[in-house]
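A.B. asks: Here is my input, please return the structure:
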Amino acid sequence: MTNTIDADQPLWEVLDIYPQLKKILKEAGFKEAENPYKLKIAAKSASLAYLMARNHVSYEQMDAILKENGLALTGQQEEETADASQSERPLLYQSFDQAQTEIQVEHQDPSSMEDGHPLQTLQKENECLRNHLQKIRADLNDGKEPSAALLPLKPLPKLYSFIEEVIMPMLYRYGFYEYTDELWKQEEDARHTMSRIVHNLMRPGSDVPGETSELLDKIEEIADQQDNALYPLALDHFTQDEWVQIYLDLKREESAFLPSVPVWHTGEELASVFQRPQGIDAATGTIRLERGTLTYPQLKAILDKLPVDLTFIDENDMNRYFLDNGRIFMRPSTALDRPVKDCHPPRVQIALANLLKDFKSGKRDHMEIWSEHPFPVHVHYLALHDDNGRYIGALEIVQKCDEIASHFCKTK
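C.D. replies: Alright, predicted model coming up:
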């Protein structure tokens with residue numbers, strides 16, 4: 001009895017029943033089948049009939065190919081599929097069309113991109129990651145302790161976070177939901193497996209070597225999917241402006257495995273376009289900042305909820321602003337607009353004067369004090385500068401640490 005394939009059935013369902021179809025499609029010249037990850041994306045979003053129309057393979061041709069392999073074709077004719085209106089197609093295929101999820105084999109080769117392009121940087125991160133995986137496998141085979149061998153993977157969550165928070169949301173805009181979610185889940189699973197292995201290192205009898213081997217294989221598989229499917233999708237669809245924004249985020253977050261983020265000269269030249277105008281909008285009262293905009297009520301509400309005490313001292317060493325949500329040290333309103341030295345006892349005045357002097361000269365830009373009496377407190381002094389590097393004052397941040405310390409002591 002000949003097994004039949006419904007051309008209108010979602011391709012992922014067909015491949016689940018007839019996995020040999022992957023090889024058949026590749027030999028038939030289907031572009032989507034040239035790479036297993038590209039085929040996985042297409043299979044999530046379209047039917048065989050739709051891919052036949054995309055690849056100019058007629059119903060009769062496909063049926064003949066399948067019959068050579070002991071299969072047969074049923075369903076819509078290729079012409080009907082190609083000519084069907086959007087309203088006649090199932091919603092799943094409409095999203096395939098709208099998102100342009102066909103994978104273009106002729107996408108730009110990342111190696112031909114300008115040095116420093118963010119996609120090139122992300123692929124170099126994966127190159128470094130693969131080198132680490134190779135070294136870890138060798139170290140484990142030589143008997144090295146897993147806890148020590150796995151240390152090079154410590155930056156991996158940083159790389160995954162960047163991909164999940166920057167690349168994947170942008171792919172969502174282009175309609176790539178299912179595949180992006182699937183890869184996101186795999187990265188989350190890899191994270192959890194790493195945490196479990198670290199936890200199990202302290203437990204006798206756990207299969208750490210077996211779990212570690214599976215983890216390394218999974219991490220490498222994820223890197224392959226990123227390089228062979230996720231990144232080509234981004235390269236085929238993201239605009240130049242979007243790549244510049246990604247580059248700026250990459251610079252801000254810094255690299256995971258590379259020593260530093262390579263400079264992308266085009267990104268640097270175009271970066272000024274993405275600089276937000278800053279200041280106060282007189283018409284709306286909106287406060288425009290580098291990383292967003294806030295109204296005065298929003299800014300006040302945020303400051304009112306910060307669990308810290310703040311003191312701002314201007315460039316003339318005058319107290320200009322207090323925030324005392326933590327109520328750690330007394331900050332009387334009478335101290336505002338007065339010299340900061342007048343608000344401290346003589347034993348503190350000299351040290352404070354020296355600190356502010358160093359802030360102004362650039363000798364120091366911060367100082368920290370950790371105190372346990374009468375309760376654990378962290379005091380952080382920071383020199384503040386404007387966009388031109390001019391000193392504009394100092395900020396004191398005071399935070400009680402007793403609850404924080406107690407929490408982490410309980411979780412150990």
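A.B. asks: How about the secondary structure of Pro277?
C.D. replies: Secondary structure, DSSP: H, G, I helix; E, B strand; the rest coil: Pro277 is coil.
A.B. asks: Show the contacting residues for it.
C.D. replies: By CB atoms under 8 Å, 6 or more residues apart in numbering, the residues touching Pro277 are Arg288. For the C-beta atoms, the positions are set from N, CA and C on the backbone; glycine is no exception.
A.B. asks: how much space between it and Ala53?
C.D. replies: Distance, Pro277 to Ala53, by CB to CB, to the nearest Å: 48 Å.
A.B. asks: Thought Pro152 was touching Lys135, still the case?
C.D. replies: Yes - Lys135 is in contact with Pro152 according to CB atoms under 8 Å; the separation is 7.0 Å.
A.B. asks: Can you pick out the residue with more neighbours from these two?
C.D. replies: Higher neighbour count among Lys135 and Pro152: Pro152, with 17 against 13, using other CB atoms under 10 Å.
A.B. asks: so the more buried one touches Arg137, yeah?
C.D. replies: No - using CB under 8 Å, Pro152 is not in contact with Arg137, being 11.6 Å away.
A.B. asks: Where do the strands of the chain begin and end?
C.D. replies: 3-6, 71-74, 279-280, 287-289, 292-294, 309-314, 319-324, 366-371, 377-385, 391-400 (DSSP state E).
A.B. asks: tell me, which of those strands is the model least confident about?
C.D. replies: Of all the strands of the chain, the minimum mean pLDDT falls on strand 279-280 (a mean of 82).
A.B. asks: quick one: contacts of that strand?
C.D. replies: By CB under 8 Å, 6+ apart, strand 279-280 touches 286-288.
A.B. asks: the helices in the stretch 101-250 of the chain, which residues?
C.D. replies: With DSSP state H, counting those that start in this stretch as the criterion, the stretch 101-250 of the chain has helices at 118-141, 146-149, 156-162, 168-173, 178-200, 208-225, 231-237, 240-253.
A.B. asks: Turn those helices into CSV, including distance to Met330 and mean pLDDT.
C.D. replies: Below are those laid out as CSV (distance: least, CB to CB, whole Å; pLDDT from 0 to 100):
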stretch, distance to Met330, mean pLDDT
helix 118-141, 50, 94
helix 146-149, 48, 84
helix 156-162, 41, 91
helix 168-173, 45, 84
helix 178-200, 43, 79
helix 208-225, 53, 86
helix 231-237, 54, 88
helix 240-253, 38, 91
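A.B. asks: Could you count how many residues lie near the residue nearest to Tyr381 when sequence neighbours are not counted?
C.D. replies: Residue nearest to Tyr381 in three dimensions, not counting chain neighbours: Met367, with 4.5 Å by CB to CB, 6 or more residues apart in numbering. Close neighbours of Met367, defined as other CB under 10 Å, add up to 16.
A.B. asks: In contact with the residue nearest to Ile246 when sequence neighbours are not counted: list those residues for me.
C.D. replies: Using CB to CB, 6+ apart and skipping the chain neighbours, the partner closest in space to Ile246 is Pro118 (4.6 Å). For Pro118, the contact set (CB under 8 Å, 6+ apart) comprises 243, 246-247, 250, 264, 267.
A.B. asks: Please report how far Pro118 lies from Lys124.
C.D. replies: Distance of Pro118 to Lys124, given as CB to CB: 10 Å.
A.B. asks: related to what we said a few turns ago, give me whichever of the helices of the stretch 101-250 of the chain is most buried.
C.D. replies: helix 231-237 (a mean of 21; mean count of other CB atoms under 10 Å).
A.B. asks: Excluding chain neighbours, give the residue nearest to Glu305 in space.
C.D. replies: Just so we're on the same page, residue 305 is Lys rather than Glu. Lys305 sits nearest to Asn325 (CB to CB, 6+ apart), 7.3 Å away.
A.B. asks: Make sure the one you found is actually in contact with Val308.
C.D. replies: Yes - using CB under 8 Å, Asn325 is in contact with Val308, at 6.5 Å.
A.B. asks: which one of these two has more residues nearby?
C.D. replies: The neighbour count for Asn325 versus Val308, taken as other CB under 10 Å, is higher for Val308 (17 against 13).
A.B. asks: If we ignore the residues flanking it in sequence, what's nearest that one?
C.D. replies: Gln399 (4.7 Å).
A.B. asks: Look up how far His378 lies from that neighbour.
C.D. replies: Counting by CB to CB - Gln399 and His378 are separated by 5 Å.
A.B. asks: returning to that earlier point: which residues does the residue nearest to Val308 contact?
C.D. replies: Contacts of Gln399 by CB under 8 Å, 6+ apart are 307-309, 326, 328, 377-378, 380.
A.B. asks: farthest pair in these?
C.D. replies: Pro307 and His380 (14.0 Å; CB to CB).
A.B. asks: higher neighbour count, those two?
C.D. replies: Neighbour count, other CB under 10 Å: between Pro307 and His380, His380 has more, with 15 against 10.
A.B. asks: does that one really touch Asp365, like I thought?
C.D. replies: No - because the distance of 11.5 Å does not satisfy CB under 8 Å, His380 is recorded as not touching Asp365.
A.B. asks: about what we covered before: any chance of TSV for the helices of the stretch 101-250 of the chain, columns distance to Leu384?
C.D. replies: Shown next, in TSV, are the helices of the stretch 101-250 of the chain (distance: least, CB to CB, whole Å):
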stretch	distance to Leu384
helix 118-141	31
helix 146-149	41
helix 156-162	28
helix 168-173	32
helix 178-200	36
helix 208-225	41
helix 231-237	38
helix 240-253	19
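A.B. asks: Gly29 is nearest to which of those helices?
C.D. replies: Across these (criterion: CB to CB), the nearest stretch is helix 231-237, sitting at 18.9 Å.
A.B. asks: Which elements pack onto the closest one?
C.D. replies: On a contact count with 3 or more CB pairs under 8 Å, 6 or more residues apart in numbering; DSSP states H and E, helix 231-237 meets helix 118-141, helix 168-173.
A.B. asks: Same list (those) but as a markdown table, adding distance to Asn388.
C.D. replies: What follows is the helices and strands packed on helix 231-237, written out as a markdown table (distance: least, CB to CB, whole Å):
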| stretch | distance to Asn388 |
| --- | --- |
| helix 118-141 | 28 |
| helix 168-173 | 33 |
